[in-house]
Each structure stands twice: as structure tokens, then as C-alpha cells.
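Novice: got a predicted structure plus its sequence, pasted below:
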Amino acid sequence: MLSPPLWLLAELTYRCPLHCVYCSNPLDYHACDRELTTAEWIRVLREARAAGAVQLGLSGGEPLARGDLEIIVGEARALGFYSNLITSGVGLDQPRAAALRKAGLDHVQLSFQDSTRELNDFLSHSRTFDLKLAVARTLKAEGYPIVLNVVLHRHNLDHIEKILEMAQRLEVDFLELANVQFYGWALLNRAHLLPTADQLARAEQAVQRFRARHGEQMRIYFVVADYHERRPKRCMNGWGAVFMVITPDGLALPCHQARIIPHLQFPSVRDFSIPEIWNNSAAFNHFRGDAWVREPCRSCPEWQQDRGGCRCQAWLLTGDAAATDPVCELAPGHDRVVAALNATAGATRGPLRFRDDAASRQFIIEARRARHGR
Amino acid sequence: MNQLDSAAIPALAPHYRLQWEPAQNAHVLLYPEGMIRLSPSAAEIMRRIDGSASVEQIVVALEAVYAGADLRADVVEFLTVAAARGWLRMRQRA
Ligand code: SF4
Ligand code: SF4
């Protein structure tokens, strides 16, 4: 029997005041012009909760850009969701933090780009470092459990000790050290962001030393740099297993990135109910079970462990979403990952591309041209 | 493992929430990005943790419901493990 969609991620908007070079939003996010209304979100929450969803992530873009966030949070609390606001902090002043707490928000995941003002503000192309520090203190005063999230890559991995100290000083409950995953804008900027194996090893040692010195008072989660691994990540516990994303314009996806796979038709919550989508849609059923699995995964003893890795990464790197995730050393496409790792040594990197509306519009135009063969 | 003082007062750690989950047919503990499904006996203990009842009072309350059973060792063991996992905070009576 199908297990329920335990974890619902509501991407409330693609609007965001930051311009992070590793943003995981789609390159053509600017084509999304009809966000779900408050009433539509509330219907989604009710249906998902009735279908067994319990964890709710409220993300984006910057979810605080939605003026109805308090209403959505209140409804989530009344329904029994455990809700998490995933935010850059911009727009989270004291009155709003208090109002959201009162509405029933359970915890907040606050992102920092780095432990230094210079790099934080450079990577997000915004002056937000001091503001984020203030937000962390406000959240603490309001009694929120805080997850501090830092995306790690070539430019900040060497600051890991300072990042750990900053998190400790801010007295956060959890620190998520998330090595950058190469989708969206991060893939575009991959040559700039891919770390070296040495950097990763040093960072991991620093985290171990920190744990040995300070124990588990602050829990540290480490998201591995999958390009440097020998095996792929077990993505979202498998396609359509526990996780559902709803995009700002109402598409239901089995993982954050899935809308980039062009031959899958993702259903909209405007046309179908959550149970219909979860149980019956072709897109959610597409990579369930193992009928679709190819060699070398099909006869591999490790299949149950990693389920062949990430479908979106397979698509992005090989053009075949059913292929073995090229991160795996046994994958026929593994040379793509090796080439990317080797290329970071070279000098031909091109410009760093910041996530913003103008760049997104440009991608939309280019994609249209490509489709029409011009 | 530390000896648990029977006068100590357990409370749920701030970022955990205990609730009945119909879809799981079980009590669950919710926390940032995770969920623990509790066994019926664990749920019986957790439901009696309110930040004012002591370990002793919880044992007595449970033994009143399950007459004749000696639950002390089981309750103490569960609370010790739960505290070590960070689900609970222990406070001594002032
Ligand atoms: S990664 Fe940066 S730009 Fe992208 S949504 Fe998050 S804060 Fe905004
Ligand atoms: S071949 Fe497939 S199943 Fe085997 S380890 Fe690699 S990705 Fe996993």
C-alpha cells in the first residue's frame, strides 16, 4: 500500500529580495505569474492533512513576501501540521515574528550565506548580513526553535569554524551545513561553486573537532557534497514515497526540481485534489516501484539503499531521467561528474550569474527560441 | 547511564510536540523536520508528562491504571532514554 505524503513543502512564492548564486528555484521562475490564492492554499493544506501529511515546510522564494502567511500558518496549526518557515529573514521584524508565533508557527529555518558580512552580502547580492543577525536574536527572544542553514561551497567551506562559532553564539538549536546541490542557479554557477576534495575533508574534520569539544547541545546536520561521493544520495526516500512539493503556481511535484523533466506532465492542484495527485497521477507513479529501473542499478545489490539516486540529476547530466544518477561510480554517465570536478582546476569559468528577474527573463526568451529552432 | 531521581520533573523539550496522528494510528513526537512514532506504552508515559508531575507521580498514575503491574523500572528506563535523546528536559523540584 502507498504510504501517505508525510511531508508537504509549500513554495508560496518565487518572489525574493535576495539573489543567491546557488538558488534552487528554476531558471525560468519569472514565467510564474499566477500564484495560488489564500483560499487555494488552505484547500491544499486541508486535503494534504487529511491524506496524512504532518510536516509542513513554508518556503519560496521568500515566503514572507506573502502578506497572508499568518493566515496560512494559522490554518496549518489548526489542522495539526508541524510547520517550519524556511526564510532568508528579510521581512521578519519583531511584530511579524510574534504574530506568526501566535498563529502557531513551530520553528524557523534561517539561512545565512556565510559568517562574514562581505561574503554573505556578495553571494546573495543584498545587504542582509546584519539584518539576519538581528532576526536570529528576535526569533530567540520569541521562543522559536531555530535551524540555522548555511549552504556550503568553494567560497565559504574554509570559513567553517567561523560559521560554527557564529551559530553557537546565536544559540541556535540546529545547524544545517548543506553542501550545495547542483540544480537551478547552482548548476549554472557550478564551476565557481564546486569545492575541492581537500576543502571538504578539512571542513568535515573541523565539524568533528567542534562536536568533540561542544557535544550535541547544538545539533549539526551535514548534507554531503554528492559530486565527491562514490554513491548517490537516496533522494527524498524515493520518488513519490513521502514528499510532495507544491510550486507557487500550483504544480504538484515529487521533488523540488522535478518540473525540469520535460516529458512528465505534473498535475496542478487547480485541477486535481491532493489524493488524486498522490495516488493516481502518471507523474507521481512514473518512478515508483522498480519497473523503470535500468542497468547497472537493476542488478545492483545496493539498489535498496540509494534507489539509483536523483531522477532530476540524471536528467540534468545525461538527458535521461531514468538513467543511473551520474554521481555513482558505476553509472555509465559518471564521466560527466568527473569532468565537472576536473574542470574546476581550469580557468574558463565565465561570469558568476546572480538569480534575478532580468536573468530569468533572458532564460525564458532563450528557451523559447530553442523550442522554435531559432 | 545516569540514575534518574524519582523527584525530578520531566518536561517536553521546547521544539517537540506530542500529538495523536490518525493516519499513523499512533501518538507521534514532532520536531523540526522529523517525526517519531511512539509505541502505545511510550505514549502512555509521554501523555502524563506535563512539566509539573514528577517521575514518582507518573509511576503512581500509571500503576493506578494498570493495577498490579510493577512499572517503575520500565518508566525510569524509558524516561532516561527519552532524556538522553533530547526529547525531555529534567528539572529538580525547587
Ligand atoms: S536561495 Fe537565495 S535567492 Fe533563492 S529563494 Fe533562497 S534566499 Fe531567495
Ligand atoms: S549502480 Fe545504481 S543501485 Fe548500484 S550503487 Fe550505483 S546508483 Fe546505487
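Specialist: That came through, no problem. Residues are numbered from 1 along each chain as shown, chains lettered A, B, ... in the order given. Ligands and ions are numbered 1, 2, ... in the order given.
Novice: how near is the closest residue to residue A:140 other than its chain neighbours to residue A:165?
Specialist: Closest residue to residue A:140 apart from its sequence neighbours, by C-beta to C-beta, 6 or more residues apart in numbering or on different chains: residue A:171 at 6.1 Å. (Each C-beta comes from the backbone N, C-alpha and C, glycine too.) Computed as C-beta to C-beta, to the nearest Å, the residue A:171 to residue A:165 distance reads 12 Å.
Novice: one more: residue B:37?
Specialist: 36 Å.
Novice: with residue A:287 instead?
Specialist: Distance from residue A:287 to residue A:165, by C-beta to C-beta: 42 Å.
Novice: which one's more surrounded, those two?
Specialist: Neighbour count, other C-beta atoms under 10 Å in any protein chain shown: between residue A:287 and residue A:165, residue A:287 has more, with 26 against 13.
Novice: got phi/psi on the more buried one?
Specialist: Dihedral angles phi and psi of residue A:287 (degrees, to the nearest 10) take the values phi -110, psi 30.
Novice: tell me the contacts of it?
Specialist: For residue A:287, the contacting residues are A:238-240, A:254, A:311, A:321-322, by C-beta atoms under 8 Å, 6 or more residues apart in numbering or on different chains.
Novice: and the residues you listed, which of them are buried?
Specialist: By neighbour count, with 16 or more other C-beta atoms under 10 Å in any protein chain shown, the contacts of residue A:287 hold A:238-240, A:254, A:311, A:321 as buried.
Novice: got TSV for the residues you listed, with secondary structure too?
Specialist: Formatted as TSV, the buried ones among the contacts of residue A:287 follow (DSSP: H, G, I helix; E, B strand; the rest coil):
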residue	secondary structure
A:238	coil
A:239	coil
A:240	coil
A:254	coil
A:311	helix
A:321	coil
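Novice: could I get those residues in TSV, plus columns for distance to residue A:356 and pLDDT?
Specialist: Putting these into TSV (distance: C-beta to C-beta, whole Å; pLDDT from 0 to 100) gives the following:
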residue	distance to residue A:356	pLDDT
A:238	34	87
A:239	31	93
A:240	33	93
A:254	28	96
A:311	28	94
A:321	28	94
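Novice: ok, so of those, who is nearest residue A:64?
Specialist: residue A:254 (26.4 Å; C-beta to C-beta).
Novice: give me phi/psi at the residue nearest to residue B:40 when sequence neighbours are not counted?
Specialist: Among residues not flanking residue B:40 along the chain, residue B:26 sits closest, at 7.6 Å (C-beta to C-beta, 6+ apart). The phi/psi pair for residue B:26 (degrees, to the nearest 10) reads phi -160, psi 160.
Novice: what's near enough to touch residue B:26?
Specialist: B:20, B:37-40, B:43.
Novice: partner residues bridging it?
Specialist: Under the criterion DSSP bridges, residue B:26 forms beta bridges with residue B:21.
Novice: picking that back up, can you select the buried ones from the contacts of residue B:26 in PyMOL?
Specialist: In PyMOL, this line selects whichever of the contacts of residue B:26 come out buried by 16+ other C-beta under 10 Å:
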select buried, chain B and resi 38+43
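Novice: now for the contacts of residue B:26, which pair is the farthest apart?
Specialist: B:20 and B:39 (14.0 Å).
Novice: would you verify that residue A:78 is located in a helix?
Specialist: Yes. Residue A:78: assigned to a helix according to three-state DSSP.
Novice: secondary structure element for the closest residue to residue A:350 other than its chain neighbours?
Specialist: Computed as C-beta to C-beta, 6+ apart, the closest residue to residue A:350 that is not its neighbour in sequence is residue A:191, at 7.2 Å. Following DSSP states H and E, the helix or strand that holds residue A:191 is helix A:190-193.
Novice: after that helix comes which helix or strand?
Specialist: Criterion used, DSSP H and E; the element after helix A:190-193 is helix A:197-214.
Novice: okay, now residue B:70: neighbour count?
Specialist: Using other C-beta under 10 Å: residue B:70 sits among 9 other residues.
Novice: quick one: contacts for the closest residue to it other than its chain neighbours?
Specialist: Spatial nearest neighbour of residue B:70, excluding adjacent residues (C-beta to C-beta, 6+ apart): residue B:63 at 7.8 Å. Residues near residue B:63 by C-beta under 8 Å, 6+ apart: B:69-72.
Novice: residue A:262: which of those is nearest?
Specialist: The closest of these, once distances to residue A:262 are taken by C-beta to C-beta, is residue B:71, at 59.6 Å.
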